[in-house]
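Asks: Requesting a structural model of the entry that follows:
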Amino acid sequence: MDWSIPWPPEGPDEADRRVWRTEDPHDSAPETILEEEPLSRFLLQFTLFQAQIAAPYHARTYRMPIARLDALWNMLRAVPLSPFLPTYEAERFFVAPGLLATVSSDEDEAVVSFGALRRGALTPLLEHGFRWFHFDG
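Replies: Down below sits the predicted model:
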């Protein structure tokens, strides 16, 4: 997949352009999807996504009932952006001191992934009794 913005701008008020995602640019009829966020907010989403991937310490839960997340809302603050990559994981971003989290969910179940700069930022997550697919803390 790749991302692009229309060029040249469609008008003088087009400072924060829309971002297009092309699923398979080498296909004879590639599918192009308009991202929900304009360029400035899309870049913030992309940066948060890359920061979590690049974090030295990670944790990821197995799929669990969405009600199990209730305990996390006291420690995490939502980043006010639409879900990132909605046709794939539709991840919503959350932050806490030293911690970046993404939640991928449907109406019933969710998977939570964490990235941290320090191993100790993951340790308090053990109190929630999640079943971990991966845990560096």
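Asks: contacting residues for the nearest residue to Tyr57 once chain neighbours are set aside?
Replies: Leaving aside its sequence neighbours, Tyr57 sits nearest to Asp136 (Cβ to Cβ, 6 or more residues apart in numbering; 4.1 Å). C-beta here means a position set from N, CA and C on the backbone, and glycine is covered the same way. Residues in contact with Asp136 (Cβ atoms under 8 Å, 6 or more residues apart in numbering) are 57-59, 116, 119, 122.
Asks: what pairs with the most centrally placed residue in the chain across the strands?
Replies: Closest residue to the average C-alpha location of the chain: Glu91 at 3.9 Å, with Cα atoms, centre = their mean. Here Glu91 sits in beta bridges with Phe84, going by DSSP bridges.
Asks: wait, it sits on Ser82?
Replies: No. Here Glu91 does not reach Ser82: they are 10.4 Å apart, not a contact under Cβ atoms under 8 Å.
Asks: helix, strand or coil for Thr47?
Replies: helix (DSSP: H, G, I helix; E, B strand; the rest coil).
Asks: okay, now it: neighbour count?
Replies: Thr47: 10 surrounding residues under other Cβ atoms under 10 Å.
Asks: Now do the closest residue to Pro97 other than its chain neighbours, the pLDDT please.
Replies: Nearest residue to Pro97, sequence neighbours excluded (Cβ to Cβ, 6+ apart): Ala121, at 7.4 Å. Note on Ala121: pLDDT of 95.
Asks: again, but for Pro25
Replies: pLDDT, Pro25: 67.
Asks: where do the helices sit along this protein?
Replies: For the chain, applying DSSP state H gives helices covering 39-54.
Asks: Can you show me the strands along it?
Replies: 2-4, 18-22, 32-38, 57-61, 64-65, 77-78, 92-96, 99-105, 109-116, 132-135 (DSSP state E).
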